[in-house]
Structures are given as structure tokens and as C-alpha cells.
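> coordinates for the following, if possible.
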Amino acid sequence: MDREEKKEKYVPRLLKMYREEIVPKMMEIFGYTNKLAVPRLKKIVINMGVGEAVTDSKLVEKSAEELALISGQKPKITRARKPISNFKIKKGMSIGCCVTLRGYRMYEFFDRLVTTAIPRIKDFRGLPVNSFDGRGNYNFGISEQTIFPELELDKIPRTQGMDISINTNAKSDKEAKELLTLLGFPFKRS
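Take a look at the predicted model:
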């Protein structure tokens, strides 16, 4: 077996599409002269806040297991930084979990999110266009984790929402919107 054949590595479908199709289109649309100037995805952050963990601490562990199945990476348990008496939260109490995806895992998750998970949302008409933060990052929430096919519905004790933040290195929201649209992100039609 040749050394060249051994080095042949797996490349996610979306990353391959980005390199071969999206970069030339973006260079044509925005007039970039260098391929490295084209915006790209930097990271995807998934956050699950578990408010009911105040009464039952095992809910955070269960949510972390579900998030690990969804993202393919072990999540970090987030803890309260300061006590809030109105919500019965003590300092250091587990209140949620989050995971930051980069590289191949990020592209794999984005691909699964766009092609299988989001189309399973009931009465889905597209995600809002005005959820950009002014720096090319897009944030949105999902009301229940059951849209992901990795989870077995019989083993889920309760529905849990999550926040997803897609970070790009685009300089403007217009560039980031075009990048996400070319990647197949379902925005609402205006």
C-alpha cells in the first residue's frame, strides 16, 4: 500500500462543498482577491440551560448525556457564578451544560442540523434573518431536543430547549448571511 493512499483522510461533505463551490461564489459576489479573505465558520456553541435542576440535580446530567449524543462531543457542565435567592440558586450549583464545536465536528453537526433536524420542526417556516449580532454571528433557539434523530424518544423524560450560536469570521452580517445561505441554512423568505 502506498503512503499517499494511507494519508487520504475523511473530509465532511459540507467542508468539501465550501472549499469547491462556496469559496468561488463568495469571491465572485463580494470581489475578494484572496481565498483566505472569504468568510468561514469558526465555531458552533450549543447551550442548554436547565432551570429545573434547582429541584433535581440529576436533570443536568441527563441533559448533558443528550447533548453529547446530539453534538458528538462531551459537554461542559456550567455552574452558577453567584447565588440568586429568587430562583433558589446557590453559588456553584449545576444549572446547565454547553459544548463548543470546531473543525470537522462543527461541519458534521451543521450538516445534520440543516438537513435532518431543522426540517423536523413542526410548522417550520424558516429561521429569522434579524438574529445576527452585527459582527457576522448568528444566534437562534430550538424549543425541544426531540428534533434530533440521534435521541431515542422513549428515553427522554422531558423536552428541553437549547440555544445555538454559529460564529463566523465575516466582517458584516450581509457576508455572514450569504455564507450561511450558500451552506443551505433555511432563512425566512421576506
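
> contacting residues for the closest residue to Phe30 other than its chain neighbours?
Nearest residue to Phe30, sequence neighbours excluded (CB to CB, 6 or more residues apart in numbering): Glu175, at 6.4 Å. For glycine as for every other residue, the C-beta is placed from the backbone atoms N, C-alpha and C. By CB atoms under 8 Å, 6 or more residues apart in numbering, Glu175 lies in contact with 26, 30, 39, 136, 168.

> again, but for Phe110
Residues in contact with Phe110, defined by CB under 8 Å, 6+ apart, are 14, 41, 44, 166, 183.

> and with 10 Å instead?
Residues near Phe110 by CB atoms under 10 Å, 6 or more residues apart in numbering: 12, 14-15, 41, 44, 101, 164, 166, 180, 183-185.

> equivalent analysis for Phe30, please.
37-39, 170-172, 174-175, 178-179.

> and the two most separated of these?
Greatest spatial distance in the contacts of Phe30: Ala37 and Lys174, 14.9 Å, computed using CB to CB.

> which helix in this structure has the most residues?
With DSSP state H setting the assignment, residue counts place helix 58-71 as the longest helix in the chain.

> next secondary structure after it?
Beyond helix 58-71 in the direction of the C-terminus, DSSP states H and E gives the next helix or strand as strand 76-79.

> the residue nearest to Phe30 sits in which helix or strand?
When secondary structure is defined by DSSP H and E, Glu175 falls within helix 173-182.

> buried sites along that helix?
Using 16 or more other CB atoms under 10 Å as the test for burial, helix 173-182 gives 173, 175-180, 182.

> mind listing what's buried along stretch 101-120?
Buried residues in stretch 101-120, defined by neighbour count with 16+ other CB under 10 Å: 101, 105-114, 117-118.

> gap between the two ends of it?
Between the opening and closing residues of stretch 101-120 we find a distance of 22 Å, counting by CA to CA, to the nearest Å.

> and that stretch, what's its mean pLDDT?
Averaged across stretch 101-120, pLDDT comes to 90.

> can you give me the helices for the chain?
Taking DSSP H as the criterion, the chain contains helices spanning 3-7, 13-17, 23-30, 58-71, 103-112, 173-182.

> output those in JSON lines, with distance to Ser143 appended to each entry.
Formatted as JSON lines, the helices of the chain follow (distance: least, CB to CB, whole Å):
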{"stretch": "helix 3-7", "distance to Ser143": "44"}
{"stretch": "helix 13-17", "distance to Ser143": "25"}
{"stretch": "helix 23-30", "distance to Ser143": "32"}
{"stretch": "helix 58-71", "distance to Ser143": "14"}
{"stretch": "helix 103-112", "distance to Ser143": "18"}
{"stretch": "helix 173-182", "distance to Ser143": "21"}
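
> so which of these is nearest Thr78?
Going by CB to CB, the one of the helices of the chain nearest Thr78 is helix 58-71, 8.7 Å.
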